[in-house]
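Engineer: Sequence and predicted structure below; questions after.
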There are 4 protein chains.
Amino acid sequence: MALDETASGVFTIAATPFHPDGALDLPSLERLTDFYVGAGVDGITILGIMGEAQKLEPAESLAVARTVIGRAGVPVVVGVSAPGFAAMRALAREAMEVGAAGVMIAPPPALRTDDQIVGYYAEAVAAIGDDVPFVLQDYPLIIGVVIAPGVIRRIVAAHPSCVMLKHEDWPGLEKISTLRRFSAEGTMRRISILCGNGGLFLDFETERGADGAMTGYAFPEMLVDLVALARAGRRDEAHDLFDAHLPLIRYEQQPAAGLAVRKHVLARRGVIASDAQRRPGAGLTPAARAEVDYLYDRVVRRGLGVRGPL
Amino acid sequence: MALDETASGVFTIAATPFHPDGALDLPSLERLTDFYVGAGVDGITILGIMGEAQKLEPAESLAVARTVIGRAGVPVVVGVSAPGFAAMRALAREAMEVGAAGVMIAPPPALRTDDQIVGYYAEAVAAIGDDVPFVLQDYPLIIGVVIAPGVIRRIVAAHPSCVMLKHEDWPGLEKISTLRRFSAEGTMRRISILCGNGGLFLDFETERGADGAMTGYAFPEMLVDLVALARAGRRDEAHDLFDAHLPLIRYEQQPAAGLAVRKHVLARRGVIASDAQRRPGAGLTPAARAEVDYLYDRVVRRGLGVRGPL
Amino acid sequence: MALDETASGVFTIAATPFHPDGALDLPSLERLTDFYVGAGVDGITILGIMGEAQKLEPAESLAVARTVIGRAGVPVVVGVSAPGFAAMRALAREAMEVGAAGVMIAPPPALRTDDQIVGYYAEAVAAIGDDVPFVLQDYPLIIGVVIAPGVIRRIVAAHPSCVMLKHEDWPGLEKISTLRRFSAEGTMRRISILCGNGGLFLDFETERGADGAMTGYAFPEMLVDLVALARAGRRDEAHDLFDAHLPLIRYEQQPAAGLAVRKHVLARRGVIASDAQRRPGAGLTPAARAEVDYLYDRVVRRGLGVRGPL
Amino acid sequence: MALDETASGVFTIAATPFHPDGALDLPSLERLTDFYVGAGVDGITILGIMGEAQKLEPAESLAVARTVIGRAGVPVVVGVSAPGFAAMRALAREAMEVGAAGVMIAPPPALRTDDQIVGYYAEAVAAIGDDVPFVLQDYPLIIGVVIAPGVIRRIVAAHPSCVMLKHEDWPGLEKISTLRRFSAEGTMRRISILCGNGGLFLDFETERGADGAMTGYAFPEMLVDLVALARAGRRDEAHDLFDAHLPLIRYEQQPAAGLAVRKHVLARRGVIASDAQRRPGAGLTPAARAEVDYLYDRVVRRGLGVRGPL
């Protein structure tokens, strides 16, 4: 089940459930895995930024990988970004050994020039091995590294194991169009493009040529339905569906605060036992929780893209 | 018509119209002023970031101020942020002489600590004079300076001429609640809070205690209606209205790209002659223009918060 | 041998030696420890930024700590900065168990406001325990977090376990004077201030009230002699000594590139077997190596502050 | 006297003298011009970052240009960086009309990718005209834009009017070597490289292939002598001279604080009437002033590279 360029649909970004005391909650992670699969996702991405990967010990990271991979039945991508290549290599090899479909690598914040970015991925591939399929994560809003389309093309050309872009540049629609134009012109191997950034532009991203979503919105069934409608060319219906969720998507896509919203909704839906984040991490105030609940209720009342537990 | 703490409602951020060759288009600015006033705004803010103020010569800035102030009949706030206090002082004094209600000052990007921010505003007030009412602009996403609630309180305490906060922190709802709690507790003079950030959270900002909006969304009549509904406590109607516009608001609120969207809509509505930006500034690709038009048509079809020219 | 506010003199920042293949080189670390102690340092700080701490696995970090602590005979401070408090706590407790004198904590790059910084250290102290003496690392050039003197005062007031400031702000002389004035006025408990930033201003930092140096210049004996001369009030001699080394200090204090210089000198002095850095990390070009050697030879020829192996 | 690729030697960065009340002090600027020329500089650069250009009104900028150009008798480069191309064009054309040899353009802080930087300079050249020789300013420490050697090569290839690089990257020695290698290989037109960054690495920059200095150290005669010694291949003498000044150079090269040091020395030497900066701008504390005076006295006592008024 190795990841390749044909991957499409919805790869959900999995939250990592914790108990209120900060301990890893593996039973919740099992339920969460079942919930995602039940929603119809095509894959699961674990240990990303929203999975609080940086707060985990190596042994915990591996436990999360084993749990999800052993249960999901869909391809699992494992985030392996790390300050040093030794740790990146260790996690990548371990993840592949326990059955991951591929890994995801974000650039470190200090990179600036095109050559620095290209060079970093060359070193990363040397570290993890060129037999491990990887996803290039492009998230300037949070990471601070801007990757031009031409740089993505250089990385794709240099590394056959680069099979997917996690696209979350903002604004980012033109970047998708440019990359697809490169492929149409024959100047770039076509890779999978799945979109993150909380799904805030997913309605148009699919129209621009993205293959789907890689984000963790707490109603993953909506993402699944939206991609299906977009594929079927049912444009207005896709937008109607998207617009019904946009108020909550918008609320969830707040830097630093968004994970608390996502975990609250997952907890309210009964999927995870607690919305706790491992420290450091901010929770919701009562006012914010009430606002999320208000938006949640409006989404449910509209009844579009809502299945499973509520 | 001096600005004071009681200001509320909608102060629109005015775009600055240019001809395709980059020359200032004052007739369009006159029409734009009439359009804003016709939409029911309570004030107009000119020469802000979205007004391309940094690209204007001093004489042009003054011409913009004269044109809008001479025509509007509502209070006009003039952005006077500048790298040096001499230029800030000159523009502030000139603006007040031609009838501005107050000025707006953003912190320079290099500020970091609480004391640096407080100190900067002390110097700015010394420069412009403590008789000039000013708006504190708080826009970390673009400016990079994070201003804690306690710092706003210190600035408000130190300067009676600080009468308004242009709130556009993101996430920012808790900041509004905190500032209003300060005033309820009696530890901070109550000032006007108008919200920017493209209006992306205006539905909840009004519920948290904001007095209205200061943003330049190209359907200002929606902002006016939303604030009226919120004031009347008609919560669900306010959200229905807001949600009808959110897909376009979301599209307009993209860093760097948003102004092109806004100008395109204003031009399509026939208010300004050209959507040109003075260089440097990016326009819309055909694909993006088609997307904006699609969203525009959906907004018009829903028919909520849409009045005036289309 | 717990660290406290009376610590003074030179705490050298220890490099972490690696073999060319990236494996940890513990025999070189033993020699390096002996070398530092032989140079007369008062303490050793391990696992800091220049110790490539971020590239180490937890087990390796502990091995480094055991090796140095077991051999040094002087207080050892262990850097425990980490993205999550669980990892910070684990390393801090383990380090103290094997005999560390205290730990060092740098703020994470995302912090901006005074309250955020103060709050972070409160959480960190809760994580490691208030019985563990800690050093506050203040290095805005690399970390991007600016900590005002008043913020340091708040942290010191809140946490008796904060016993030392690793001062490496730039410019930073006024900060030392301000902190010492706070203590003279009785508004701040006097803590130890040791200066980093490559030692680039150590000549004046000692005159402003710093208690010494915490940096890793590859001639630590010069730092020891400089602090002794400064304590003895032999100002001109102190500056003569410092000036003789400044060309090399300046060359070593280059962001990102400096560690390669430092390791090259340590290797040339025969202390460590290889100047290799674990990846990612840049080495010296032949031209740069020749320049460092030229400066090295000039330092040796002047003969000030040079003892031990050459 | 148009600037071209053969420019070499020392182009001093001119301070802009103000009276204590912030008014421009043109008589001091005349004396300063005479002082620079008397020190043997090959050119003068005005209205740069250290010239407080951002704090000047357009009319003042022009007055500064007229004063220096009318008096200097050496080529004068005028900084024309501005947020908008209209202002850049206006100042560039006016400067050339009054006799400037060329202009200098720094990239705006928001640029990130290689293409963005190349594109910006294309727009800038279109704005000022391709007949105006320009200097590319490369100062990442202050501006935040990192320009790779290959990007400089692309700009040089695209614009024959790009005749000089103001090199102040840090670390930056390898960049000089790389650019000179490009020219030796025939892949890049050879342009003039003058080095800034306070002169902190000028001893080696000249050895790496730089043509001289473009910085404002307050003993410009030292820069002139150093370049002459380097040209003559008298390496040890060059380093002896440089090392005698390095303690003061290092003190002067502090972000934000450095200009105050420079102006204090110029005022102490009797060249400018006041060390005042236009606001916002920080002065020296008494302690800092005493430290600068101490270093000044040591420089004078050594007697190397010190001529003219003291």
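Structural biologist: That came through fine.
Engineer: interface residues of chain A facing chain B?
Structural biologist: Applying CB under 8 Å from any CB of the partner chain, we find that chain A lies next to chain B at A:170-171, A:173-174, A:177, A:200-201, A:203-204, A:207-208, A:239, A:242-243, A:246-247, A:250-251, A:254-257, A:285, A:287-288, A:291, A:298. C-beta here means a position set from N, CA and C on the backbone, and glycine is covered the same way.
Engineer: In ChimeraX, how would I select just the buried ones from those?
Structural biologist: Only the buried entries of those go into this ChimeraX selection, using 16 or more other CB atoms under 10 Å in any protein chain shown:
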select /A:170,171,173,174,177,200,201,203,204,207,208,239,242,243,246,247,250,251,254,257,288,291,298
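Engineer: Run through the residues of chain A next to chain B and flag the ones next to chain C.
Structural biologist: residue A:256.
Engineer: Just confirm yes or no for the helix or strand where residue A:120 lies near chain D.
Structural biologist: Mapping residue A:120 onto the secondary structure by DSSP states H and E places it in helix A:114-128. Yes - against chain D, helix A:114-128 shows contacts by CB under 8 Å from any CB at A:114-116.
Engineer: can you name the farthest residue from the center of chain A?
Structural biologist: Residue farthest from the centre of chain A, counting by CA atoms, centre = their mean, is residue A:185 at 28.4 Å.
Engineer: what's that one in contact with, if anything?
Structural biologist: Shown in contact with residue A:185 (CB atoms under 8 Å, 6 or more residues apart in numbering or on different chains): no residues.
Engineer: Torsion angles phi and psi at it?
Structural biologist: phi -80, psi -10 (degrees, to the nearest 10).
Engineer: residue ranges of the helices in the stretch 151-300 of chain A, please?
Structural biologist: With DSSP state H, counting those that start in this stretch as the criterion, the stretch 151-300 of chain A has helices at A:173-185, A:202-208, A:220-231, A:235-252, A:258-268, A:286-302.
Engineer: Show me which residues of chain A are close to chain D?
Structural biologist: Going by CB under 8 Å from any CB, the residues of chain A near chain D are A:112-116, A:140, A:146-148, A:150-151.
Engineer: can you rerun that using 7 Å?
Structural biologist: Contact residues, chain A versus chain D (CB under 7 Å from any CB of the partner chain): A:112-115, A:146, A:148, A:150.
Engineer: any chance of those residues in JSON lines, with neighbour count and distance to residue B:157 too?
Structural biologist: Output for those, formatted as JSON lines (neighbours: other CB atoms under 10 Å in any protein chain shown; distance: CB to CB, whole Å):
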{"residue": "A:112", "neighbour count": "20", "distance to residue B:157": "41"}
{"residue": "A:113", "neighbour count": "20", "distance to residue B:157": "45"}
{"residue": "A:114", "neighbour count": "22", "distance to residue B:157": "48"}
{"residue": "A:115", "neighbour count": "16", "distance to residue B:157": "50"}
{"residue": "A:146", "neighbour count": "19", "distance to residue B:157": "40"}
{"residue": "A:148", "neighbour count": "18", "distance to residue B:157": "46"}
{"residue": "A:150", "neighbour count": "18", "distance to residue B:157": "51"}
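Engineer: any idea which of these is the one closest to chain B?
Structural biologist: Chain B lies nearest to residue A:146 out of the residues of chain A next to chain D, by CB to the nearest CB, at 11.6 Å.
Engineer: So the closest one belongs to a strand, correct?
Structural biologist: No - the assignment for residue A:146 (DSSP: H, G, I helix; E, B strand; the rest coil) gives coil, which keeps it out of a strand.
Engineer: So for it, what's the nearest residue that isn't a sequence neighbour?
Structural biologist: Counting by CB to CB, 6 or more residues apart in numbering or on different chains, residue A:146 lies nearest to residue D:112, which is 3.8 Å off, once chain neighbours are set aside.
Engineer: Report whether the helix holding residue A:120 contacts chain C.
Structural biologist: Yes - Helix A:114-128 is in contact with chain C by CB under 7 Å from any CB, via A:120, A:123.
Engineer: now whatever helix or strand comes next after that helix: mean pLDDT?
Structural biologist: Downstream of helix A:114-128, the first helix or strand assigned by DSSP H and E is strand A:134-138. Mean per-residue pLDDT for strand A:134-138: 98.
Engineer: Just the pLDDT for residue A:282.
Structural biologist: For residue A:282, pLDDT reads 82.
Engineer: What's the local residue count around it?
Structural biologist: By other CB atoms under 10 Å in any protein chain shown, the residues close to residue A:282 number 14.
Engineer: tell me the contacts of it?
Structural biologist: Contacts of residue A:282 were listed using CB atoms under 7 Å, 6 or more residues apart in numbering or on different chains, and they are A:256-257, A:260.
Engineer: Please apply the same query to residue A:187.
Structural biologist: residue A:153.
Engineer: Equivalent analysis for the one 3 residues further on, please.
Structural biologist: Contacts for residue A:190 were tallied using CB under 7 Å, 6+ apart; they are A:5, A:183.
Engineer: Spell out which residues of chain A are next to chain C.
Structural biologist: A:22, A:54-55, A:57-58, A:83-87, A:120, A:123, A:278-280.
Engineer: Which two of the residues you listed have the greatest separation?
Structural biologist: Largest separation among the residues of chain A next to chain C by CB to CB: A:22 and A:123, giving 33.3 Å.
Engineer: who has more neighbours, those two?
Structural biologist: Legend: neighbour count by other CB under 10 Å for residue A:22 and residue A:123, higher for residue A:22 (18 against 13).
Engineer: What backbone torsions are found at the more buried one?
Structural biologist: Reported as degrees, to the nearest 10, the phi and psi values for residue A:22 are phi 100, psi -10.
Engineer: returning to that earlier point: is it possible to export the helices of the stretch 151-300 of chain A to JSON lines including distance to residue B:2?
Structural biologist: As requested, the helices of the stretch 151-300 of chain A are exported to JSON lines (distance: least, CB to CB, whole Å):
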{"stretch": "helix A:173-185", "distance to residue B:2": "44"}
{"stretch": "helix A:202-208", "distance to residue B:2": "44"}
{"stretch": "helix A:220-231", "distance to residue B:2": "49"}
{"stretch": "helix A:235-252", "distance to residue B:2": "36"}
{"stretch": "helix A:258-268", "distance to residue B:2": "40"}
{"stretch": "helix A:286-302", "distance to residue B:2": "33"}
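Engineer: Chain B versus residue A:84, what's the distance?
Structural biologist: Separation of residue A:84 from chain B (CB to the nearest CB, to the nearest Å): 29 Å.
Engineer: how deep is that residue tucked in, by neighbour count?
Structural biologist: 21.
Engineer: pLDDT score for it?
Structural biologist: Reading off the model, residue A:84 has pLDDT 89.
Engineer: ok, the residue lying closest to it once chain neighbours are set aside - how many residues close by?
Structural biologist: Among residues not flanking residue A:84 along the chain, residue C:55 sits closest, at 2.9 Å (CB to CB, 6+ apart). Residues lying near residue C:55 (other CB under 10 Å) number 22.
Engineer: Can you pull the phi/psi pair for residue C:55?
Structural biologist: Here is the backbone geometry of residue C:55 (degrees, to the nearest 10): phi -90, psi 0.
Engineer: wait, doesn't it sit right on residue A:82?
Structural biologist: No - with contact defined as CB atoms under 7 Å, residue C:55 does not reach residue A:82; the gap is 8.5 Å.
Engineer: Let me see the residues that make contact with the helix or strand hosting residue A:10.
Structural biologist: Per DSSP H and E: residue A:10 is located in strand A:9-13. Residues outside strand A:9-13 that contact it (CB under 7 Å, 6+ apart) are A:36, A:41-45, A:48, A:50-51, A:77, A:194, A:212-216, A:220, A:223-224, A:227.
Engineer: Sweet, I'm off.
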